[in-house]
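**Student:** need coordinates for the below:
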Amino acid sequence: MRLVTFKTGYGARLGAVDGERVVDLNAAYAALLASQGVRRAAAHARAALPADATRFLAEGIDAVRRAEAAVAFAHDAAVPGLRVPRRGLALLPIVPHPPKVICVGLNYRDHAEETGMKIPEHPVFFSKFTSCLIGAGEPIVLPRVSEQLDYEAELAVVVGRPGRYIPEREAFGYVAGYTILNDVSVRDYQMRTSQWLIGKVFDRSTPVGPELVTVDEVPQPEALRLSTRVNGRVLQDSSTSNFIFSIPRVIAAISEILTLEPGDLIATGTPAGVGFVRKPPVFLRDGDTVTVEVERLGALSNPVSAEHAPAGARGARAAAERA
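**Tutor:** So this is what the prediction gives:
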């Protein structure tokens, strides 16, 4: 199953891709229950098949089975409004408000080598905030305080079950599916200190999506080709087979520290080819288009848009210049 979160006039909705259309899962399940004579079908649907991705994931396999039934019903039933065209749909991050966004740094040997950093003995972690996240097609903000905006193609794991102290051999059982994440980084801020956080958490800097692809459709997540194109030019081209630390190792290591929850995102690192180590460096500019593609997951494309100073600040600056 391939899931998306899309924007409507009455809020975010969770949908399932059905060919060239998207099924509004909550609405379709409510219609299915109503067709079966269930009283207060809408209320039952809100509880059993929530429109929110995090709540949906928390319901586990039962929600997935209901979603499959809802898709089948919507596909066959002549009920208006249950299926909307995929083209032109305004997409949000597949999990708009994940409980946590945990990222792995230096998880590809070639990337560690290109940066001149030592191959880590243990997974290197940092975090992002939900204020960073944007959906497919939304503009990546080029902050007005920097000219060193960099791209990073990543496979992201979407957690489906809560767990602490998860053994590596059981780790894949806690995964709901996978998506694409572009770990856009503001390099001059990132390099100011030994802690990377400030370069990784700028507002509206991190595209996620376009879809959550469930585990049954990705049997070998550690053998997926991934790439980055900027304005059509291929700048990263690698495979998740080049991980230093496997997905189970990463999940086990994180769960030693904290409890993983449904909806958590784990970004698994980026391969070689990032912009700041190129000669000359390649940084993202206003008007660029960045596309990260991961085998079996699709492509995540976003334009880059320069941040403009607030009107009041522009006026003050102009007055100062005139003086």
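**Student:** alpha carbons only for contacts and neighbour counts from here, please
**Tutor:** OK.
**Student:** contact partners for Glu154?
**Tutor:** When contacts are counted by Cα atoms under 8 Å, 6 or more residues apart in numbering, Glu154 is found next to Ile180, Leu181, Asn182, Asp183, Leu226, Ala267, Thr268, Gly269, Thr270.
**Student:** burial count for the residue nearest to the fourth one when sequence neighbours are not counted?
**Tutor:** The one in question is Asp183. Leaving aside its chain neighbours, Asp183 sits nearest to Glu152 (4.9 Å; criterion: Cα to Cα, 6 or more residues apart in numbering). Neighbour count of Glu152, defined by other Cα atoms under 10 Å: 22.
**Student:** and which of the contacts of Glu154 is nearest Pro99?
**Tutor:** Nearest to Pro99 out of the contacts of Glu154 is Ala267 (Cα to Cα; 13.9 Å).
**Student:** now that closest one: how far from Thr54?
**Tutor:** Distance of Ala267 to Thr54, given as Cα to Cα, to the nearest Å: 17 Å.
**Student:** these two: which has the busier surroundings?
**Tutor:** Ala267 (29 against 22).
**Student:** wait, isn't the more buried one in contact with Ala156?
**Tutor:** Yes: contact criterion Cα atoms under 8 Å: Ala267 and Ala156 qualify, at 4.3 Å.
**Student:** touching both of these two, which residues are there?
**Tutor:** Counting by Cα under 8 Å, 6+ apart, the residues touching both Ala267 and Ala156 are Leu181.
**Student:** isn't Met1 right up against Glu217?
**Tutor:** Yes: look at Met1 against Glu217 with Cα under 8 Å: they come within range, at 7.2 Å.
**Student:** and these two? Which one has more around it.
**Tutor:** Between Met1 and Glu217, counted using other Cα under 10 Å, Met1 has the larger neighbour count: 17 against 14.
**Student:** how many other residues sit next to the nearest residue in space to that one that is not next to it in sequence?
**Tutor:** Using Cα to Cα, 6+ apart and skipping residues adjacent in sequence, the residue nearest Met1 is Thr214, 5.5 Å away. Neighbour count for Thr214, taken as other Cα under 10 Å: 20.
**Student:** where exactly do the helices run in the stretch 101-250 of the chain?
**Tutor:** 109-114, 187-190, 197-200, 247-255 (DSSP state H, counting those that start in this stretch).
**Student:** hmm, who's touching the first one?
**Tutor:** The list of residues contacting helix 109-114 from outside it, by Cα under 8 Å, 6+ apart, reads Leu106, Lys118, Ile119, Asn242, Phe243, Ile244, Thr270, Pro271, Ala272, Gly273, Val277.
**Student:** report pLDDT for Ala323.
**Tutor:** Model confidence at Ala323, given as pLDDT, is 47.
**Student:** wait, I meant Ala311
**Tutor:** You'll see Ala311 listed with a pLDDT of 60.
**Student:** output the helix or strand where Arg66 lies as PDB, nothing but the C-alphas.
**Tutor:** Element membership for Arg66, per DSSP states H and E: helix 61-76. C-alpha atoms of helix 61-76 as PDB (Å, rounded to 0.1, in the frame of the first residue of the first chain):
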ATOM      1  CA  ILE A  61      -2.300  -4.000  11.300                       C
ATOM      2  CA  ASP A  62      -6.000  -3.600  12.000                       C
ATOM      3  CA  ALA A  63      -6.000  -0.100  10.500                       C
ATOM      4  CA  VAL A  64      -4.100  -1.400   7.400                       C
ATOM      5  CA  ARG A  65      -6.800  -4.100   6.900                       C
ATOM      6  CA  ARG A  66      -9.600  -1.500   7.200                       C
ATOM      7  CA  ALA A  67      -7.700   0.700   4.800                       C
ATOM      8  CA  GLU A  68      -7.500  -2.200   2.200                       C
ATOM      9  CA  ALA A  69     -11.300  -2.700   2.600                       C
ATOM     10  CA  ALA A  70     -11.900   1.000   2.200                       C
ATOM     11  CA  VAL A  71      -9.900   1.100  -1.000                       C
ATOM     12  CA  ALA A  72     -11.700  -1.800  -2.500                       C
ATOM     13  CA  PHE A  73     -15.100  -0.300  -1.600                       C
ATOM     14  CA  ALA A  74     -14.200   3.100  -3.000                       C
ATOM     15  CA  HIS A  75     -12.800   1.500  -6.200                       C
ATOM     16  CA  ASP A  76     -16.100  -0.300  -6.900                       C
END
